[in-house]
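Engineer: no FASTA, just this:
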């Protein structure tokens, strides 16, 4: 029963199992990984004064945030700090808190999913990962280091608040959205500096 048919010399018919392999979508499309949206979200984070479309923000991609969290953890590993648990713990609790706040602040017809919140917060961790890479080479335990770290926190929170305001159509509440983001990214900056 489990022995291959060796005597016939006939190849099995691929259509015999009922699958149409020629018309099957590519693997990345089937998994929901869209590289153009990843690129647009990354550019939206790197340019906090720019704009992004609601369609790109609503894309619930978690591949990019996972890469940026791993980059942040690897940069901390260059310091000799094994902080992956702290990164995922603080990030997970921060996502739950920001998710609750954004849905409480949003209007009745607009809300945001947990995965979209995690995606936005994860993409906006990129400046903090860049800060951690720089602190692997230079010491940031002085006034200049604290100022540069503060700028990185403002960069992260400005980008995340921009994306949340666009996704939820909260036009005049950007500073109110940015405050909890500043608190969250300040914890990540403390991990990067000390």
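Structural biologist: Arrived safely, thanks for sending. Computed from a predicted structure; not experimentally measured.
Engineer: residue ranges with poor pLDDT in this structure?
Structural biologist: Along the chain, the model assigns pLDDT under 70 to residues 1-18.
Engineer: in the longest helix along it, what's buried?
Structural biologist: Longest helix in the chain by number of residues (criterion: DSSP state H): helix 143-168. Neighbour-count burial for helix 143-168, with 16 or more other Cβ atoms under 10 Å as criterion, is recorded at 145, 148-149, 152-168. Yep, even glycine has a C-beta here, placed from its N, CA and C like the rest.
Engineer: Summarise which helices and strands the next helix or strand after that helix is packed against.
Structural biologist: Later in the chain than helix 143-168, the nearest helix or strand by DSSP states H and E is helix 174-193. In terms of contacts (3 or more Cβ pairs under 8 Å, 6 or more residues apart in numbering; DSSP states H and E), helix 174-193 is packed against helix 63-78, helix 84-105, helix 126-137, helix 143-168.
Engineer: run the last query once more with 6 Å
Structural biologist: Applying 3 or more Cβ pairs under 6 Å, 6 or more residues apart in numbering; DSSP states H and E, one finds that helix 174-193 makes contact with helix 84-105, helix 126-137, helix 143-168.
Engineer: can you pull the contacts of residue 79?
Structural biologist: The contact partners of residue 79, taken as Cβ atoms under 6 Å, 6 or more residues apart in numbering, are residue 136.
Engineer: thinking again about what came up before, turn the helices and strands packed on helix 174-193 into JSON lines, columns for distance to residue 176.
Structural biologist: Listed next are the helices and strands packed on helix 174-193 as JSON lines, based on distance: least, Cβ to Cβ, whole Å:
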{"stretch": "helix 84-105", "distance to residue 176": "7"}
{"stretch": "helix 126-137", "distance to residue 176": "21"}
{"stretch": "helix 143-168", "distance to residue 176": "9"}
